[in-house]
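Novice: could you work out the structure for the sequence below:
(chains A and B)
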Amino acid sequence: MFGLSWRNCCSPARFIFSRVFFSRVVISVISGVFLYANISILANQVFAHIHGRYLFFVPAPMFDLFITFPVFSSVEQSNRELIVEGRRTGLTEETPQWVELPVDEYFPFRLGETLARINLSKFLDYFGEPGLEEAYLFLILKIRERYNHDHPNELIDILRFSVDEWPRSYKDFYSEKTPEQTQRHILVTEEDEL
Amino acid sequence: MKAKQSVSGQAKKSALSCCPFGNYWFESISPYPLAAFRILFGVYLFCYFAQFIFRVEMLFSSNGVYVPFAMPDYAPAPLLAWLIYLLTLGLCALFILGFRTRIITPFLLLYYLYHYFLNLSLPNYSYDKINMQFLFLLCFAELDLVWSLSPSRKVVGTLEPTTPAWATRFIVLQVFFQYFGSGLWKLFNPVWHSGSIISLTYAGPWGTDLAFAVLQLGLADWFYDVVTWGVILFELVFGFVLYSRKFQRFAIVLGILFHLHNWAFLQIFEFFSLVSAYVLFIEGAEVKRLGERIFSAFVSRKPS
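Specialist: Below you'll find the predicted structure:
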């Protein structure tokens, strides 16, 4: 298989220790892994649809590297936008002052990408809830550090991520974002985590 | 010595001929498609990394906002982050020029992984995985035989240079699996059985002004249904049509238009790495002819 035959080349012993043989073994192993990953993931899709379970075993890292098909997997009727808020220091608990931080500065991406990033789905998939919380805490820490460094006179001590949600419209992304139609959901707050 | 090498080459060729799959994988083919892919994919990688140029400190330095995946926090100071970033762009440039690709390609993969695990892995996008798959496969390939600053081996006499087929055919297979798999996944996903997936995606956070302009035309629902099923059909058959000599040019134009649409309507240009691989489907002689025509056009434009 994969061109590993030694016939007509030289003695079997010489062929086995040759560079050609070694490189072909390496390429053959890589080929086997790639083919298995592609075919098994494809077949699993079909089998899961028909029988409700997977046919082939695919290790998680292999699945993660080769599952490149799913894009836009849900129909959403509402728009969402990330809101990052920080609580100013030096204020009493009764009168907390939350300020909105410039999201574009900390997440300089396309709108859709910012939302995809804030999900941290890879952390949830691999490390579960504890890993996800740890990742959020790290992200919060980095934003707070950066903000406090850039705004030494307006320090913040606690940070939270929220998501604004409003009906989707064909006119414009923000056309339906009115106070009446917009709901704010807290995604993660530092207080909860700590 | 030369005669001995020639005999050895013949022997290797006949050793392969006894095994059909070995022949398919390891037979000698034209190196021009692979060299053209190296240049196109290199240009793509350069553009991909160049898009971060105004955000290097925020994305890749310890002063920025990032979450390393499955790694300790290894973000460097801003100056070092800039240095590593510029080195990555430099590696892309050397990769395009075909300078010592046996060494450059693994380093390029390493630097890609460095940036990926530091920050780029957060949204878990398919195109990063495709790029890394391509780079990994190219680490073992002979990319610099032609159209290169430092050819790995000299071509003697008037013989056409050849390279083992496996790298070209493997990336071709990956491209095929990518389109076919996407089509199959959509075919089995009920969400993709209605045109609302297209119209509501246009109206979502990825939609561009152009997408909203099309939505405001108020086209009938059946139009979006047709487009949705058209996308599924396109993805399912695209890999096969690319193989067909008769319809290849048509397929290439269609593929480019598909990805241009994704860029213009949904801001997604990153899947152009797949477009750069279309050249691997084309016959070596045709790629050579086309490439030489382009290179000669560049040379003739130089001021005398």
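Novice: what residue ranges in the chain score low on pLDDT?
Specialist: Here I'm looking at chain A. By pLDDT under 70, the weakly predicted segments of chain A are A:1-13, A:15-16, A:91-96, A:191-194.
Novice: try chain B instead
Specialist: Ranges of chain B meeting pLDDT under 70: B:1-22, B:155-158, B:300-304.
Novice: strands along that one, start to end?
Specialist: Under the criterion DSSP state E, strands of chain B are mapped to B:28-29, B:163-164.
Novice: what packs against the lengthiest helix in chain A?
Specialist: With secondary structure taken from DSSP state H, chain A has its longest helix at helix A:19-51. Helices and strands touching helix A:19-51, by 3 or more CB pairs under 8 Å, 6 or more residues apart in numbering or on different chains; DSSP states H and E, are helix A:60-66, helix B:20-26, helix B:126-138, helix B:166-188. Every residue, glycine included, has its C-beta placed from N, CA and C.
Novice: same list (those) but as a markdown table, adding mean neighbour count.
Specialist: Shown next, in a markdown table, are those (neighbours: other CB atoms under 10 Å in any protein chain shown):
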| stretch | mean neighbour count |
| --- | --- |
| helix A:60-66 | 16 |
| helix B:20-26 | 17 |
| helix B:126-138 | 20 |
| helix B:166-188 | 21 |
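Novice: among the strands of chain B, which is the most enclosed?
Specialist: Of all the strands of chain B, strand B:163-164 carries the top mean neighbour count, a mean of 22, counting by mean count of other CB atoms under 10 Å in any protein chain shown.
Novice: what pairs with it, parallel or antiparallel?
Specialist: When pairs are called by DSSP bridges, strand B:163-164 turns out to pair with strand B:28-29 (antiparallel).
Novice: show me where chain A has helices.
Specialist: Under DSSP H, chain A gives helices at A:12-16, A:19-51, A:60-66, A:103-106, A:111-119, A:121-150, A:190-193.
Novice: which residues touch the third one?
Specialist: Outside of helix A:60-66, the residues that reach it under the criterion CB atoms under 8 Å, 6 or more residues apart in numbering or on different chains are A:V33, A:A37, A:N38, A:I41, A:V58, A:K122, A:D125, A:Y126, B:N124, B:K129, B:M132, B:Q133.
Novice: now do that helix: distance to the chain's middle.
Specialist: What separates the centre of helix A:60-66 from the centre of its chain is 14 Å, taken as CA atoms, centre = their mean, to the nearest Å.
Novice: dump it to PDB, restricted to CA.
Specialist: Taking C-alpha atoms only, helix A:60-66 is exported to PDB below (Å, rounded to 0.1, in the frame of the first residue of the first chain):
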ATOM      1  CA  ALA A  60     -11.700  15.200  20.000                       C
ATOM      2  CA  PRO A  61      -8.500  17.000  18.700                       C
ATOM      3  CA  MET A  62      -8.900  15.300  15.400                       C
ATOM      4  CA  PHE A  63     -12.600  16.200  15.200                       C
ATOM      5  CA  ASP A  64     -11.800  19.800  16.100                       C
ATOM      6  CA  LEU A  65      -9.100  20.100  13.400                       C
ATOM      7  CA  PHE A  66     -11.100  18.500  10.600                       C
END
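Novice: related to what we said a few turns ago, can you select the buried ones among the contacts of helix A:60-66 for me in PyMOL?
Specialist: Selecting only the buried entries of these in PyMOL, with 16 or more other CB atoms under 10 Å in any protein chain shown as the criterion:
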select buried, (chain A and resi 37+38+41+58+122) or (chain B and resi 124+129+133)
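Novice: take the contacts of helix A:60-66 and lay them out in TSV including distance to B:L173.
Specialist: Listed next are these as TSV, based on distance: CB to CB, whole Å:
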residue	distance to B:L173
A:V33	13
A:A37	12
A:N38	7
A:I41	14
A:V58	18
A:K122	26
A:D125	27
A:Y126	28
B:N124	23
B:K129	15
B:M132	16
B:Q133	11
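Novice: do stretch B:105-125 and chain A meet?
Specialist: Yes: using CB under 8 Å from any CB of the partner chain, stretch B:105-125 reaches chain A at B:S121, B:L122, B:P123, B:N124, B:Y125.
Novice: in that stretch, what's buried?
Specialist: B:105, B:107-109, B:111-116, B:118-125.
Novice: what do you get for stretch B:195-211?
Specialist: B:195-207, B:211.
Novice: chain center to that stretch: distance?
Specialist: 26 Å.
Novice: straight-line length of it, end to end?
Specialist: 14 Å (CA to CA, to the nearest Å).
Novice: contacts made by that stretch with the rest, please.
Specialist: A:72, A:75-77, A:79-81, A:110-112, A:115, A:168-170, A:173, B:191, B:212, B:214-215, B:221-228, B:231, B:264-268.
Novice: need the buried ones from these selected in PyMOL.
Specialist: Entered in PyMOL, the line below selects the buried ones among those, by 16+ other CB under 10 Å:
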select buried, (chain A and resi 72+75+79+80+81+111+112+115+168+169+170+173) or (chain B and resi 212+214+215+224+225+228+231+265+266+267+268)
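Novice: dump the residue contacts of B:N63.
Specialist: Per CB under 8 Å, 6+ apart, neighbours of B:N63: A:E145, A:R146, A:H149, B:E57, B:A77, B:P78.
Novice: rerun that using 7 Å as the cut-off
Specialist: A:R146, B:E57, B:P78 (CB atoms under 7 Å, 6 or more residues apart in numbering or on different chains).
Novice: correct me, but the last one touches B:E57?
Specialist: Okay, so that is B:P78. Yes: counting by CB atoms under 7 Å, B:E57 is a contact partner of B:P78 at 4.8 Å.
Novice: and stretch A:23-30, how far from the chain's centre?
Specialist: 32 Å.
Novice: for the nearest residue to B:L184 once chain neighbours are set aside, give its distance to B:E235.
Specialist: Closest residue to B:L184 apart from its sequence neighbours, by CB to CB, 6 or more residues apart in numbering or on different chains: A:Q45 at 5.9 Å. According to CB to CB, to the nearest Å, A:Q45 stands 13 Å off from B:E235.
Novice: please apply the same query to A:V29.
Specialist: From A:V29 to B:E235 the distance is 30 Å (CB to CB).
Novice: out of the buried residues of stretch B:195-211, which sit inside helices?
Specialist: B:S196, B:I197, B:I198, B:S199, B:L200, B:T201, B:Y202, B:A211.
Novice: burial count for the residue nearest to B:L184?
Specialist: Using other CB atoms under 10 Å in any protein chain shown, A:Q45 has 21 other residues around it.
Novice: go ahead and confirm it touches B:F188.
Specialist: Yes: between A:Q45 and B:F188 there is a contact under CB under 7 Å: 6.2 Å.
Novice: can you give me the buried ones in stretch A:46-59?
Specialist: Buried, per 16+ other CB under 10 Å, within stretch A:46-59: A:V58.
Novice: end to end, how far does it reach?
Specialist: Note: stretch A:46-59 ends 18 Å apart using CA to CA.
Novice: ok so, going back, which of the buried residues of stretch B:105-125 fall in helices?
Specialist: Residues of the buried residues of stretch B:105-125 located in helices (DSSP H): B:T105, B:F107, B:L108, B:L109, B:Y111, B:Y112, B:L113, B:Y114, B:H115.
Novice: enumerate the residues of the stretch 201-304 of chain B near chain A.
Specialist: Residues of the stretch 201-304 of chain B found near chain A (CB under 7 Å from any CB of the partner chain) are B:T201, B:A203, B:G204, B:P205, B:W206, B:G207, B:F212, B:L215, B:Q216, B:Q267.
Novice: cutoff 10 Å now
Specialist: Proximity of the stretch 201-304 of chain B to chain A (CB under 10 Å from any CB of the partner chain) is limited to residues B:201-209, B:211-212, B:214-218, B:235, B:262, B:266-268, B:271.
Novice: dump the helices and strands packed on helix A:19-51 to CSV, plus distance to A:F17.
Specialist: Output for these, formatted as CSV (distance: least, CB to CB, whole Å):
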stretch, distance to A:F17
helix A:60-66, 31
helix B:20-26, 18
helix B:126-138, 26
helix B:166-188, 21
